[in-house]
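*Asks:* everything below, folded, please.
(one chain, ligands or ions: 1)
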Amino acid sequence: MQHTDIIKEKAAPIVDLIYNDGFVQGLINGDLDKEAVAHYLRADSRYLKSFLDVYAILLAKTSHLDEKKYLLEQVLFLMDGEHDAHHNLAEYIGIPYEEIIADGEWYPAADHYIKHMLYNAYAKPFEYAIAASTPCPWVYFEIATRILKEHTITDDHPFKVWIDFYADDMVRDIMNSLDTIMNKYCDKASEKEQKELYKNFLESCEHERNFFNMAYTQQRWLVEL
Ligand SMILES: Cc1ncc(CO)c(N)n1
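*Replies:* The predicted structure follows:
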């Protein structure tokens with residue numbers, strides 16, 4: 001069994017929790033609170049910009065040209081800010097996207113997730129931030145494909161575009177590239193390092209859950225300046 005298969009098996013219960021939490025259930029039912037969706041967009045537009053920064057840091061940390069090529073492709077993809085998915089949510093709210101995301105900050109759960117990735121990118125070997133960033137496409141692909149498996153999402157469903165975006169083969173390709181990199185490093189890692197890489201992946205899966213719940217509860221810092 002590949003390391004990424006083992007890790008994903010361990011992470012499956014977390015994905016199950018995410019799927020059954022309020023935000024994803026609201027996506028499925030098409031009845032998410034518009035303020036929760038706006039909160040998600042304010043946080044996620046900033047998260048994607050930081051995710052791009054993580055990949056930009058990693059670009060200089062690897063000497064392998066195939067890894068540089070993958071990271072460069074992802075930086076360009078992330079510059080588009082997952083446009084179609086985000087604008088689908090803005091359409092549901094009925095306010096222009098740029099207006100929704102103009103204000104906002106790294107709300108607590110987003111802050112923790114972003115700093116988990118940035119810390120590993122700055123302070124740890126290349127593969128540590130790869131392990132922390134692999135759940136990003138994987139969790140969304142798992143959630144979106146499971147929604148399509150378990151529900152009929154009709155053309156008039158308010159979140160069809162969002163669901164289709166993350167269920168797309170393009171996301172599967174991103175994951176396959178990340179898995180190849182992850183497995184390469186896990187194969188040559190010591191047992192101690194392997195455990196740390198697994199931990200980074202699993203922590204990011206929990207950060208994904210906390211991120212959705214942060215949006216659903218409109219989590220903010222107690223003191224805002
Ligand atoms: C927090 C988060 N995780 C994953 C994705 C998918 O790219 C996203 N847009 N936002």
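
*Asks:* what about Tyr97, neighbour count?
*Replies:* Look at Tyr97: counted by other C-beta atoms under 10 Å, it has 18 neighbours. Any C-beta I mention is one placed from the backbone N, CA and C, and that applies to glycine too.

*Asks:* nope, Asp16 is what I was after
*Replies:* 12.

*Asks:* does it sit in a helix, a strand or a coil?
*Replies:* Secondary structure, DSSP: H, G, I helix; E, B strand; the rest coil: Asp16 is helix.

*Asks:* and it, what is it in contact with?
*Replies:* Counting by C-beta atoms under 8 Å, 6 or more residues apart in numbering, Asp16 touches no other residue.

*Asks:* please tell me how far it sits from Cys136.
*Replies:* According to C-beta to C-beta, to the nearest Å, Asp16 stands 18 Å off from Cys136.

*Asks:* for this protein, what lies in contact range of the ligand?
*Replies:* 44, 47-48, 82, 136-137, 140, 208, 211 (C-beta under 6 Å from any ligand atom).

*Asks:* buried subset of these?
*Replies:* Buried members of the residues of the chain next to the ligand, counted by 16 or more other C-beta atoms under 10 Å: 44, 47-48, 82, 136-137, 140, 208, 211.

*Asks:* in helices, which of those residues fall?
*Replies:* Counting by DSSP state H, the part of those found in helices is 44, 47-48, 136-137, 140, 208, 211.

*Asks:* how about TSV for those residues, with pLDDT and distance to Leu58 added?
*Replies:* Converted to TSV, these look like this (pLDDT from 0 to 100; distance: C-beta to C-beta, whole Å):
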residue	pLDDT	distance to Leu58
Asp44	98	21
Tyr47	98	16
Leu48	97	16
Cys136	96	13
Pro137	96	15
Tyr140	98	20
Glu208	98	19
Phe211	98	21
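
*Asks:* format those residues as a markdown table; extra columns: distance to Ile7.
*Replies:* Listed next are these as a markdown table, based on distance: C-beta to C-beta, whole Å:
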| residue | distance to Ile7 |
| --- | --- |
| Asp44 | 24 |
| Tyr47 | 22 |
| Leu48 | 23 |
| Cys136 | 14 |
| Pro137 | 14 |
| Tyr140 | 16 |
| Glu208 | 14 |
| Phe211 | 19 |
